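Kindly generate the corresponding structure for this input.
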Amino acid sequence: MTRRVIVLIVTAFWWLLVWLFGGPGAGADWTRELLHRWFGLSGRSLDVANILVRKSGHVFYYGGLAALIASTLCAFGIARFRSVRFAFLLTLATASFDEWRQTHYSTRTGTAFDLVYDAGGAAAALLLFWAVARRADSGR
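A predicted model of the protein is given here:
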């Protein structure tokens with residue numbers, strides 16, 4: 001399999017994960033239950049851990065998605081700057097749609113504030129992507 005096909009498959013799989021974890025089954029009650037069951041947390045420590053896990057999830061999922069989209073675009077010959085710019089916009093569009101979609105589930109709440117975490121994760125990952133790619137280019 002070529003690098004292009006592999007990066008495309010990994011990106012599609014990651015996008016699917018983002019979609020699945022944005023659905024009705026992965027709400028705050030779900031992570032709360034997991035944290036309680038796995039770590040025995042309760043009370044205030046459970047509340048704080050739940051918020052930290054959920055918000056860091058936004059940063060992680062959307063940062064990963066942005067970096068993978070940029071990698072895929074670069075693998076298909078799109079210039080790095082255009083790839084990074086388009087990856088950010090596509091990631092933000094995905095996050096916006098996902099937050100809107102969550103407003104339609106009784107177990108979820110889609111918020112504009114979560115978009116800040118999504119955009120922050122995407123921006124941080126794309127800055128890292130840019131720095132790593134530039135470093136790789138300078139080593140050639």
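
Helix, strand or coil: sort out residue 105 for me.
The local conformation at residue 105, judged by DSSP: H, G, I helix; E, B strand; the rest coil, is coil.

Contacts only, for it.
By CB atoms under 8 Å, 6 or more residues apart in numbering, the residues touching residue 105 are 23, 24, 27. (Glycine included, C-beta is placed from N, CA and C.)

Restrict these to the buried ones and give me that as a ChimeraX selection.
Command for ChimeraX that selects the buried part of these, burial taken from 16 or more other CB atoms under 10 Å:
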select :27
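
Return the closest of the contacts of residue 105 with respect to residue 77.
Residue 77 lies nearest to residue 23 out of the contacts of residue 105, by CB to CB, at 34.0 Å.

possible to save the contacts of residue 105 as JSON lines with distance to residue 67, secondary structure and pLDDT?
Shown next, in JSON lines, are these (distance: CB to CB, whole Å; DSSP: H, G, I helix; E, B strand; the rest coil; pLDDT from 0 to 100):
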{"residue": "23", "distance to residue 67": "23", "secondary structure": "coil", "pLDDT": "86"}
{"residue": "24", "distance to residue 67": "27", "secondary structure": "helix", "pLDDT": "85"}
{"residue": "27", "distance to residue 67": "26", "secondary structure": "coil", "pLDDT": "88"}
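
out of the contacts of residue 105, who's nearest residue 94?
residue 23 (13.8 Å).

mind pulling up the phi and psi values for the residue nearest to the closest one when sequence neighbours are not counted?
The shortest distance from residue 23 to any non-neighbouring residue, by CB to CB, 6 or more residues apart in numbering, is to residue 105 (7.4 Å). Main-chain torsions, residue 105, degrees, to the nearest 10: phi -110, psi 140.
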